[in-house]
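[1] got a predicted model here, sequence first, then my questions.
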Amino acid sequence: METTFLTRITLNPTIGHGKPTIRNTRYLVEGLLEYLAGGDSIEDILQQFPDLEREDLLACIQYALTTLKVQSANLAA
């Protein structure tokens, strides 16, 4: 099943200084991506944060990819 980040990632100016977070949590997308970039597996992160779901982490990756594509398109324009 394809994960859509739109149902899992939220932007709220009163949470995380308006940075993207996992819905209904205070987990910053940026922070979770740093764990992945640092070598932690999805399973490692899920053990450390049992209230997260695998789809939350996949949504973080999808959000980052989409953001990068938009920024790249804007630079190319």
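    Happy to help now that I have it.
[2] please count neighbours and contacts with C-alpha atoms only from this point.
    OK.
[3] off-centre distance for the longest helix along the chain?
    Longest helix of the chain, by residue count under DSSP state H: helix 54-76. Counting by Cα atoms, centre = their mean, to the nearest Å, helix 54-76 is centred 9 Å from the centre of its parent chain.
[4] which other helices and strands does it contact?
    When contacts are defined as 3 or more Cα pairs under 8 Å, 6 or more residues apart in numbering; DSSP states H and E, helix 54-76 packs onto strand 9-10, helix 29-37, helix 42-48.
[5] quickly list what Ile9 is bridged to.
    Ile22 (DSSP bridges).
[6] what's the burial count for it?
    Ile9 has 21 neighbouring residues, counting by other Cα atoms under 10 Å.
[7] i'd like the first residue to be 39 from this point on
    With the count now opening at 39, the last piece we talked about shows up as Ile47.
[8] could you measure from it over to Tyr73?
    Plainly put, Ile47 is 17 Å away from Tyr73 if you go by Cα to Cα, to the nearest Å.
[9] mean pLDDT per helix and strand in this structure: which one sits at the bottom?
    helix 92-114 (a mean of 90; mean pLDDT, DSSP states H and E).
[10] how about Glu68: what's its closest non-neighbour residue?
    Leaving aside its sequence neighbours, Glu68 sits nearest to Pro58 (Cα to Cα, 6 or more residues apart in numbering; 7.6 Å).
[11] local confidence estimate at that neighbour?
    Pro58 carries a pLDDT score of 96 in this model.
[12] would you agree it is in contact with Leu66?
    Yes: Pro58 is within contact range of Leu66, at 6.0 Å (criterion: Cα atoms under 8 Å).
[13] residues that sit against both of the two, list them.
    Residues touching both Pro58 and Leu66 by Cα atoms under 8 Å, 6 or more residues apart in numbering: none at all.
[14] cool, thanks, signing off.
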